[in-house]
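> Provided below for reference: sequence and predicted model.
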Amino acid sequence: MAKDFPTRAENYSQWYNDLVIKADLAENSAVRGCMVIKPYGFAIWEKIQSILDKKFKETGHSNVYFPIFIPKSFFSKEASHVEGFAKECAVVTHYRLKKSPDGKSIVVDEDAKLEEELIIRPTSETIIWDTYRNWIKSYRDLPILYNQWANVVRWEMRTRLFLRTAEFLWQEGHTAHATKEEAIQEAETMLGVYSDFAENWMAIPVLRGVKSPGERFAGALETYAIEALMQDGKALQAGTSHFLGQNFAKAFDVKFLNRENQLDYVWATSWGVSTRLMGALVMAHSDDNGLVLPPKLAPIQVAIVPVFKNPEQLNAISKVVTPIKKALESRGVSVKYDDRDTHKPGWKFSEYEFKGVPLRITIGPRDIENNTVEIARRDTLEKEILQITDIEEKVVHLLDQIQKNMFDRALSFREQNTFTVNTWDEFVDTIENKGGFISAHWDGTAETEEKIKEATKATIRVIPLNNVKENGRCVYSGKPSEQRVIFARAY
RNA sequence: CGGGGUAUAGCGCAGUCUGGUUAGCGCACCUGGUUUGGGACCAGGGGGUCGCAGGUUCGAAUCCUGCUACCCCGACCA
């Protein structure tokens, strides 16, 4: 199914596009910029969802659901927010269709024009804060810790499967707090949830930090983010958590009586991750042979391939495989025993390799005789013959090792592709010829940030949390700087 | 949204310049047989309103106009 598949070195973006489609994760739909997520891709997304959902609930959050439509007037209430999203909104203007005069097609019924247009949500702050006004009267009503799993629409000009689509799936948490400190704590807690998920489940090391003012979310006072490094040396923002201050409370008039019996505006956060994580997963780990999935997110963790010449042999193999499969499943390992006789073993090897299945077990007549199996790791492509005794122990151990190895490999890639530079020449040379994360001094001004972006396409990805203070000179302007920040070209 | 490219069977392509039998090829698919420890082989077979809509013409995959989608490069973004 996946012959003639380009290598990463030949054409990285072609490699990514082909991989997503040929590994059956998603495909382009009939609708411009929108994707169809296929069963294998959606199975991974469902794992991401269920793990994150559990973490949200463990940190005290509940799920809610708000409408997909937002009245247009809501958008103008928070000035910087509307400015940030206005250019990419889909708008509903009518509510009825009718037959065209010639009866051959369907046209919009102009008599069915909406009094007020509805925006298809690009994010839900406005409708949520309009609603929170009714729910919050007293400090006793706080905090409000809600999340919703939803789809949103942003009318992007250039789209790419998972990385940037006009419609995407995500979760958006929206919380309200009595104090500034508590809201900041919440934003930081959720950044921690995201980075734990990225590193310990997706096996992708991330930098934690805050965005420069220029890169902040529209309407936020502080945007926290995790940034990951892809194999082509470009950065990918994998999750954001925003401290919104009292901006939305003021815009939507959400006040409460505090313990001192004084009326005050509530403090807010919002945080989200999207189906973009799927893109990160592919680009961080996969290789020229196809997907490489971390065991903790792989829909199939172990594929068992029997090698047989006739039904009798298959029967003998199945007798050995069935208890192994059961034992693995009882330990929470998802196993696919592929006993189809419609495909040859070699075909199946390639298939599971391309789909990124972490472990493959092969059992044939030789193994039945010797009481062994052949086990192949997707991450290293190594094969070994193992005694069948305690095979489930060995498999569970191997899956742990693969998970760890994938993280370690991604971490050492990031370390090898993180450069500390001190001069502008070095900066340009690194961006042009090496890529990766660049740690450099910045004078803290938006002007310099913009100039650097114009000159090199590199942006400030994060100002790391707990950054070491270090006096230096801005790599671009030469003005004094008190800390290094992380630059990169980004998706 | 600006510049460039592409659109012919599920996928990858030829044919288009120079309009003319029944639109080909490889892979995939179906049937039969031989095979099965890294993408099998032989034989036979099915599948196409040539991206969509108009136009020119006796006749259009081919010429003209408009539209749409995708890919690459810019500006915008999770």
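In hand now; what should we look at? What you see is a predicted model, and the numbers here were worked out from it, not measured in a lab.
> hmm, residue A:118 is touching residue A:75, no?
No. Residue A:118 lies out of contact with residue A:75 (C-beta atoms under 8 Å); the separation is 10.6 Å. Glycine gets a C-beta too; all of them are placed from N, C-alpha and C.
> let me see the contact set for residue A:56.
For residue A:56, the contact set (C-beta atoms under 8 Å, 6 or more residues apart in numbering) comprises A:63, A:147, A:171, A:173, A:193.
> would you point out which residue is most central in chain A?
Centroid-nearest residue in chain A, with C-alpha atoms, centre = their mean: residue A:277, separated by 1.7 Å.
> is it true that it touches residue A:238?
Yes. Contact criterion C-beta under 8 Å: residue A:277 and residue A:238 qualify, at 6.3 Å.
> A strand includes residue A:376, no?
Yes. According to DSSP: H, G, I helix; E, B strand; the rest coil, residue A:376 belongs to a strand.
> what about it, how many residues nearby?
Around residue A:376 there are 20 other residues, counting by other C-beta atoms under 10 Å.
> any idea what it is bridged to?
Assessed by DSSP bridges, residue A:376 has beta-bridge partners residue A:360, residue A:383.
> wait, isn't it in contact with residue A:359?
Yes. Contact criterion C-beta under 8 Å: residue A:376 and residue A:359 qualify, at 7.1 Å.
> residue contacts, residue A:306?
Contacts here follow C-beta under 8 Å, 6+ apart; on that basis residue A:306 touches A:314, A:317-318, A:321, A:337-339, A:345, A:362-364.
> could you give the backbone dihedrals for it?
phi -80, psi 150 (degrees, to the nearest 10).
> is it in a bridge, and if so with what?
Assessed by DSSP bridges, residue A:306 has beta-bridge partners residue A:363.
> do you know how far it is from residue A:314?
Distance of residue A:306 to residue A:314, computed by C-beta to C-beta, to the nearest Å: 6 Å.
> spit out the residues that contact these two alike.
The contact lists of residue A:306 and residue A:314 share residue A:339, where a contact means C-beta under 8 Å, 6+ apart.
> quick one on the thing from earlier: shouldn't the residue nearest to the centre of chain A be within a strand?
No. Using three-state DSSP, the assignment for residue A:277 is helix, not a strand.
> what mean pLDDT would you report for the host helix or strand of residue A:114?
Element membership of residue A:114, judged by DSSP states H and E, is strand A:113-120. Strand A:113-120 shows a mean pLDDT of 92.
> stretch A:176-191 too?
Averaged across stretch A:176-191, pLDDT comes to 98.
> same question for stretch A:318-331.
Across stretch A:318-331, pLDDT averages out at 97.
> quick one: check that stretch for contact with RNA strand B.
No. Residues of stretch A:318-331 contacting RNA strand B under C-beta under 7 Å from any atom of the strand: none, with a closest distance of 11.1 Å.
> give me the number of residues near the closest residue to RNA strand B within the stretch 351-491 of chain A?
As assessed by C-beta to the nearest atom of the strand, RNA strand B sits closest to residue A:364 within the stretch 351-491 of chain A, at 2.3 Å. Using other C-beta under 10 Å as the criterion, residue A:364 is surrounded by 18 other residues.
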